[in-house]
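*Asks:* Give me a model of this one.
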Amino acid sequence: MKEVTLRQLEYFIAIAEAESITGAALTCHVTQAAVSLALKDLESAMGVQLVIRRRSKGAQLTSAGRQLVIRARALVHEARHLLRPADDGTSGFTGSFTIGCFTTLSTLVLPALAEYFVREHPGVELDLVEGTGPAVQERMLRGQIDLCFIYEAQRHPEVETVLLRERRFAVVVSPEHPLSDRPSIDLAELAGHPAALLNVEPATYLNEAMLRAAGVRPQIAYRSADVQTIRALVGRNLAWSLLMEPVETSPEGRPLRFLPITDELGTNSILIAHPRGMQPSGLARAVIDHSRRMLDA
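*Replies:* Next up is the predicted model:
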């Protein structure tokens, strides 16, 4: 097998992230010819095609390319850390690190995580990517994201996960709602009361499937892709909702009550995910350990 160089891996990672040879060349400050040659040599060394180049669609990774880019990111991270001078007077990791997060989890995990990087890993350039659970995991499997935060129900079959915090659905209402005095609630009691439901997959499917299983056909008055909008509608006593993360007030400062559900719905816990079968880098392991402590699994 021919020699594989870190430079080839760096250019290959750039291709995966930019999804084009031109974009990779701009990122790496080299010519397109240099990137193309590095890719050709890397494919020759590996003995497989890693990238499909299409004039109108840029560069798309093959199945082998998707697997390699994940390993490549870990190797490059470790190599950069290993090659730092031992007596340079600094500590911690260097380079860049990208974290993906399901949008509704962002306020819970991202600000605290950003503070952790500033305090513990100031030499690392942190990039935060928000999106749907499937979207951030797909980008991770393409090598564009190192780790991502998702809910249990969103887990992709090609990822491995670590439990961070167990979560169950709860009914959230205003203290003015007629059901707010209940210590807990049966889903059947919600029939006839206006609902405000998240319009983000898999929440949309899960919420309505759970309600149908309980024999409830919800009177859906509002839908929104923004959890803050849902909380605001509930805070004004316009509807009830099903949410995961308990907060004391709506964005407008109106009080909210989260009622445990008596129906057995199982869990939808908070997880941190990395590609299946790939050993996380040293920095990724540090982030996983810190996240477990942060969310008190």
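
*Asks:* Residue 52 and residue 64 touch, don't they?
*Replies:* No: counting by C-beta atoms under 8 Å, residue 52 does not reach residue 64; the two are 10.9 Å apart. All C-beta spots, glycine's among them, are computed from the backbone N, C-alpha and C.

*Asks:* Who has more neighbours out of these two?
*Replies:* Just comparing residue 52 and residue 64: by other C-beta atoms under 10 Å the higher neighbour count belongs to residue 64, 15 against 12.

*Asks:* That one contacts residue 48, correct?
*Replies:* Yes: with contact defined as C-beta under 8 Å, residue 64 and residue 48 form a contacting pair (4.4 Å).

*Asks:* Just give me how far the one helix or strand residue 285 maps to sits from the chain centre.
*Replies:* According to DSSP states H and E, residue 285 maps onto helix 282-295. With C-alpha atoms, centre = their mean, to the nearest Å as the basis, helix 282-295 stands 14 Å off its chain's centre.

*Asks:* again, but for stretch 249-267
*Replies:* Stretch 249-267 sits 23 Å away from the centroid of its parent chain (C-alpha atoms, centre = their mean).

*Asks:* end to end, how far does it reach?
*Replies:* For stretch 249-267, the first-to-last residue distance is 24 Å (C-alpha to C-alpha, to the nearest Å).

*Asks:* any idea how far residue 175 lies from residue 195?
*Replies:* Separation of residue 175 from residue 195 (C-beta to C-beta, to the nearest Å): 18 Å.

*Asks:* got it, and residue 30?
*Replies:* According to C-beta to C-beta, residue 30 stands 55 Å off from residue 195.

*Asks:* Those two: which has the busier surroundings?
*Replies:* Between residue 30 and residue 195, counted using other C-beta under 10 Å, the more crowded position is residue 195 (24 against 16).

*Asks:* Was I right to think the more buried one contacts residue 223?
*Replies:* No: applying C-beta under 8 Å as the test, residue 195 and residue 223 come out as separate, 9.3 Å apart.

*Asks:* With just CA atoms, put stretch 289-297 into CSV.
*Replies:* C-alpha atoms of stretch 289-297 as CSV (Å, rounded to 0.1, in the frame of the first residue of the first chain):
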residue,chain,number,x,y,z
ASP,A,289,-17.0,13.3,29.3
HIS,A,290,-17.7,17.0,30.0
SER,A,291,-21.2,16.8,28.5
ARG,A,292,-22.1,13.9,30.7
ARG,A,293,-21.0,15.9,33.8
MET,A,294,-22.7,19.0,32.5
LEU,A,295,-26.1,17.3,32.0
ASP,A,296,-25.7,15.0,35.0
ALA,A,297,-26.6,11.7,33.3
